[in-house]
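Enquirer: Just a sequence and a predicted model for now, questions to come.
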Amino acid sequence: MNNFIDILSSVAIFVFIISALPQIWKLFRNKTARDISLWMSILIATGNLLMLIRAISVRDFFFLVNYAFQFALWAVIIILILKYRTDDTI
């Protein structure tokens with residue numbers, strides 16, 4: 001049963017990691033952050049950082065990998081939003 005849970009966790013981590021990639025691609029391709037919420041991105045990144053701290057404290061490898069990648073990807077999204085936003089975007 002433990003192997004099944006490990007496989008399930010690995011698949012979930014993969015899905016969570018690739019879920020942010022289309023947004024990053026769209027930001028790079030369009031060079032605009034007009035329709036993307038900065039505040040939502042900050043809240044998601046903050047939640048991922050807090051869960052990463054928890055994963056480190058309880059030494060949970062699967063959560064650590066997931067939230068480390070998620071935090072890094074959302075940090076990239078925030079940087080791209082700040083880079084490509086216009087004055088009316090917040």
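Expert: Happy to help now that I have it.

Enquirer: which SS state does the most centrally placed residue in the chain fall under?
Expert: With distances taken as Cα atoms, centre = their mean, Gln70 lies nearest the centre of the chain, 3.1 Å away. What DSSP: H, G, I helix; E, B strand; the rest coil gives for Gln70 is helix.

Enquirer: list the contacts for it?
Expert: 16-17, 20, 44, 48, 52 (Cβ atoms under 8 Å, 6 or more residues apart in numbering). C-beta coordinates here come from the backbone N, C-alpha and C atoms, glycine included.

Enquirer: rerun at 10 Å
Expert: Contacts here follow Cβ atoms under 10 Å, 6 or more residues apart in numbering; on that basis Gln70 touches 13, 16-17, 19-20, 44-45, 47-49, 51-52.

Enquirer: same question, Ser41
Expert: 20, 23, 33, 74-82.

Enquirer: Weed out the non-buried ones from the residues you listed.
Expert: Among these, those buried by neighbour count (16 or more other Cβ atoms under 10 Å) are 20, 23, 33, 74, 76-78, 80-81.

Enquirer: Most widely separated two among those?
Expert: Ala20 and Ala33 (14.3 Å; Cβ to Cβ).

Enquirer: got the residue ranges for the helices in the chain?
Expert: With helices called from DSSP state H, the chain shows them at 2-19, 21-30, 38-58, 61-84.

Enquirer: Which of these has the highest mean neighbour count?
Expert: helix 61-84 (a mean of 18; mean count of other Cβ atoms under 10 Å).

Enquirer: what stretches of the protein score poorly on pLDDT?
Expert: 1, 87-90 (pLDDT under 70).

Enquirer: Ser41 versus Phe71, what's the distance?
Expert: Going from Phe71 to Ser41 by Cβ to Cβ, to the nearest Å gives 12 Å.

Enquirer: Could you do Trp25 as well?
Expert: From Trp25 over to Ser41 (counting by Cβ to Cβ), the distance is 15 Å.

Enquirer: do Arg85 as well
Expert: Taken as Cβ to Cβ, the span from Arg85 to Ser41 is 11 Å.

Enquirer: can you list residues touching both of those two?
Expert: What both Arg85 and Ser41 touch, as defined by Cβ under 10 Å, 6+ apart, is the set Ala33.
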